[in-house]
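structure for the following, please:
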Amino acid sequence: MAENKYYKLSYELFAHDKEGGTPILVEKTSADHPFEFITGLGYTLPDFEQEISQLDGSAKFDFVIPCERAYGEYDEAHVKTLPKEIFRDKDNHFAIESVYPGNVIPMENEEGMQFEGLVKEVNPTNVVVDFNHPLAGVDLQFRGEVINSHEATPQEITAFLNIMSDECSGCDGGECGCGHCHGK
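Predicted coordinates:
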């Protein structure tokens with residue numbers, strides 16, 4: 001697989017559950033708001049990058065990545081019941097504004113590692129939080145088109161690395177010269 005190749009894509013991402021139900025549209029990009037990435041930087045799923053890196057020009061694509069090669073199987077062991085007292089706001093009250101069923105909340109473990117969890121349930125003493133990836137347990141279908149592809153310039157690589165590390169300088173929350181708007 002070629003590294004440092006720049007791709008601009010429009011696509012639709014569908015989630016397929018194991019029961020074979022109707023696929024659910026999860027994400028959609030367009031030519032006006034494309035998805036952009038550079039190969040070899042670890043920004044996308046390896047299988048996604050492998051499929052796209054075989055394409056050039058304005059090629060169309062339609063492929064499926066099985067859940068085992070995407071975000072893994074859904075694991076009930078990643079659903080945790082946590083004591084309600086750890087969810088305190090600055091006034092030491094239960095953080096009712098952010099800890100409610102359906103909300104994704106930032107968390108940090110004892111080692112300082114940050115991650116997100118989906119609040120499934122709040123009861124008088126506990127909060128049930130799901131730490132599975134939102135797309136765990138589903139196959140992913142990508143259907144779309146390559147808008148542009150070329151060898152990435154050193155400037156594009158640097159700009160993209162800055163975006164990935166959240167250190168984009170000089171963009172003030174807008175465009176940072178490489179076409180990525182990352183909404184700071």
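
how about the contacts made by residue 117?
80, 104, 105, 107, 129, 130, 131 (Cβ atoms under 8 Å, 6 or more residues apart in numbering). Quick note: C-beta positions are derived from backbone N, CA and C, even for glycine.

what's near enough to touch the third one?
Read that as residue 105. Residue 105 touches 98, 99, 116, 117, 119, 129, counting by Cβ under 8 Å, 6+ apart.

try 7 Å this time
By Cβ atoms under 7 Å, 6 or more residues apart in numbering, residue 105 lies in contact with 98, 99, 116, 117, 119.

name whatever forms a beta bridge with it.
Beta-bridge pairing of residue 105 under DSSP bridges involves residue 117.

for the first one, same thing?
Using DSSP bridges, the beta-bridge partners of residue 80 come out as residue 129.

now the closest residue to residue 60 other than its chain neighbours: phi and psi?
Excluding the flanking residues, the one nearest residue 60 by Cβ to Cβ, 6 or more residues apart in numbering is residue 145, at 5.0 Å. Per-residue torsions, residue 145: phi -150, psi 140 (degrees, to the nearest 10).

name the element the residue lying closest to residue 152 once chain neighbours are set aside belongs to?
Nearest residue to residue 152, sequence neighbours excluded (Cβ to Cβ, 6+ apart): residue 6, at 4.1 Å. Following DSSP states H and E, one finds residue 6 within strand 5-16.

what's that strand packed up against?
Where contact means 3 or more Cβ pairs under 7 Å, 6 or more residues apart in numbering; DSSP states H and E, strand 5-16 is packed against strand 24-28, strand 35-38, strand 139-151.

among these, which is the most enclosed?
Mean neighbour count, computed with mean count of other Cβ atoms under 10 Å, is highest for strand 35-38 among the helices and strands packed on strand 5-16, reaching a mean of 21.

and that one, which strands flank it?
Applying DSSP bridges, one finds strand 35-38 paired with strand 5-16 (antiparallel).

which residues does the strand it pairs with contact?
Under Cβ under 7 Å, 6+ apart, the answer for strand 5-16 is 23-31, 34-39, 52-53, 135, 138-152, 156.

that older thread, mind putting the contacts of residue 117 into TSV with distance to residue 62 and pLDDT?
Converted to TSV, the contacts of residue 117 look like this (distance: Cβ to Cβ, whole Å; pLDDT from 0 to 100):
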residue	distance to residue 62	pLDDT
80	37	96
104	30	96
105	35	95
107	36	91
129	35	97
130	30	97
131	31	96
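
distance between the longest helix seen in the chain and the chain's centre?
What stands out as the longest helix in the chain, according to DSSP state H, is helix 154-164. Computed by Cα atoms, centre = their mean, to the nearest Å, the separation of helix 154-164 from the middle of its chain amounts to 18 Å.
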